[in-house]
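Peer 1: Sequence first, predicted model second:
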Amino acid sequence: MSHTTPAIRAEGLRKSYGATRALDGLDLTVRAGTVFGLLGPNGAGKTTAVRVLATLLRPDSGRASVAGYDVLAQADRVRTRIGLTGQYASVDELLTGRENLLMFGRLYGLDAAGADERARSLLERFDLVGAADRRADGYSGGMRRRLDLAVSLIQEPGVLFLDEPTTGLDPRSRLQVWESVRALTASGTTVLLTTQYLEEADQLADAVAVIDHGRVIAEGTPDALKSQVGGDRLDVVVRDPADLAATARLLGDAVSAPASVHREEQRVSVPAEDRMEALTRAVRALDGSGLRVEDVGVRRPSLDEVFLGLTGSTATDHENDRERTQEVSR
C-alpha cells in the first residue's frame with residue numbers, strides 16, 4: 001500500500017439495528033502511517049464503525065476500503081492486513097502470556113518455530129518478558145491490554161484497530177498503553193483509535209473525527225478541534241461562593257475576555273489563548289485582591305465541553321438520549 005493511498009476510507013456507511021441507526025452516512029479518510037482518533041460518547045457508533053471496517057459486520061449501504069482493499073468484495077485480503085483489539089482483553093486467562101502468543105501464532109498459520117520466534121519478539125517489545133510464563137489471570141489491567149496488543153500484532157498488520165483500549169484502566173496502565181501505541185506508529189503501523197477521552201486523542205492522534213449518532217460532526221487535528229470550542233481555559237476555584245462575581249469581574253478585566261461562572265463547582269473560567277500569559281495576568285490580578293482562592297490552573301476542554309460547543313448539549317446528554325431511544329425501541 002502506497003503512503004499516498006489512504007489506509008482507511010469510508011463513504012456513506014449506514015448500519016441499523018432494528019429502529020436504532022448506528023451509522024448514518026459515515027465518511028472517513030485515514031492517512032497511512034498515522035493515528036486517527038474516532039471520538040464520541042457511548043452509543044455514538046464508534047464500535048459499529050470499527051466492526052464494519054474490520055469486516056465483522058456488513059453495512060446496510062455505503063462502501064469502505066482498508067489497506068487498499070474493499071471490505072465487502074475483498075474481505076479475506078483485508079483480514080490478512082489488519083489487527084483488532086476490542087474494548088476488553090480477549091486473551092485466554094488460563095494460559096500464560098507466552099502460551100497465548102504461541103496459540104494465536106499457530107492459529108494464524110505460523111509453524112512452531114515461527115510462532116516461538118514471534119512470541120519472543122512481542123514479549124520483549126511490550127515489556128512482558130518477566131511475566132511471560134505467568135498465567136494471564138494474574139496480570140494487571142495494563143499488562144493484559146499490552147498482551148492483547150501483542151496478540152493483535154502477530155501478523156504484523158499494516159492497519160490496527162483499537163476500540164477504546166484504555167477503558168477501565170488506571171492512569172499508570174493508560175500511560176503504558178499510550179507508549180505502546182506511539183511505538184507502533186513509529187514503526188509505520190496505521191492506527192484507528194476509538195475513545196471517549198479527548199485527552200487520549202490529544203496525546204496520540206494526528207487527526208480526530210468527532211462522531212455522534214452515526215455520523216461525523218467535526219474533523220481535524222486535536223488543536224483545531226479544541227479551537228472550535230474556544231481552546232484552553234483558565235480556571236479559578238474560590239473558597240467562598242460569595243466571591244464568584246468579584247472573581248469573574250477581576251479575571252475578565254485581567255485577560256480581556258468574558259468570564260463564565262460555574263456556581264456548583266465554585267469556579268470561574270476564562271479563555272486562555274496564551275496559556276502562560278493568561279496565568280500570569282490572573283495571578284497578578286488575584287494577588288492582594290483579598291479573594292479567597294482554592295486553586296488556579298489552565299486546562300484544555302473536556303469531552304462534554306467539545307460536545308456542548310459542537311452540538312449544543314453534552315456528551316452525557318447524548319448518551320442518555322441514545323439509551324432512551326433504545327429503551328423505546330425494545
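Peer 2: Looks like it arrived, so ask away.

Peer 1: tell me which element the nearest residue to Ser173 once chain neighbours are set aside is part of?
Peer 2: Ranked by CB to CB, 6 or more residues apart in numbering and with sequence neighbours excluded, the top spatial neighbour of Ser173 is Gly142, at 2.8 Å. Just so you know, the C-beta spots here come from the backbone N, C-alpha and C atoms, and that holds for glycine as well. Gly142 is part of helix 141-152 when elements are defined by DSSP states H and E.

Peer 1: Can you identify the element that follows that helix toward the C-terminus?
Peer 2: Next along the chain after helix 141-152, taking DSSP H and E as the criterion, comes strand 159-163.

Peer 1: Run through who's touching that next one.
Peer 2: By CB atoms under 8 Å, 6 or more residues apart in numbering, the residues outside strand 159-163 that reach it are 7-8, 46-47, 50, 53-54, 66-67, 81-87, 149, 152-153, 181, 184, 189-194.

Peer 1: same thing but at 7 Å, please
Peer 2: Residues outside strand 159-163 that contact it (CB atoms under 7 Å, 6 or more residues apart in numbering): 7-8, 47, 50, 53-54, 66-67, 81-87, 152, 181, 184, 189-194.

Peer 1: Narrow these to just the buried residues.
Peer 2: 7-8, 47, 50, 53-54, 66-67, 81-87, 152, 181, 184, 189-194 (16 or more other CB atoms under 10 Å).

Peer 1: which ones among the contacts of strand 159-163 are found in strands?
Peer 2: For these, membership in strands holds for Ile8, Val66, Ile82, Gly83, Leu84, Thr85, Thr190, Val191, Leu192, Leu193, Thr194, with DSSP state E as the criterion.

Peer 1: all helices of the stretch 151-300 of the chain, in order?
Peer 2: Read by DSSP state H, counting those that start in this stretch, the stretch 151-300 of the chain holds these helices, from start to end of the chain: 171-186, 198-204, 222-227, 244-255, 275-286.

Peer 1: Quick one: neighbours of the residue nearest to Ser173, just the number.
Peer 2: Each residue near Gly142 was counted by other CB atoms under 10 Å, and the total is 19.

Peer 1: residues contacting it?
Peer 2: If a contact means CB under 7 Å, 6+ apart, then Gly142 has Leu169, Arg172, Ser173, Gln176, Val177 as its contacts.

Peer 1: Thank you kindly, that will do.
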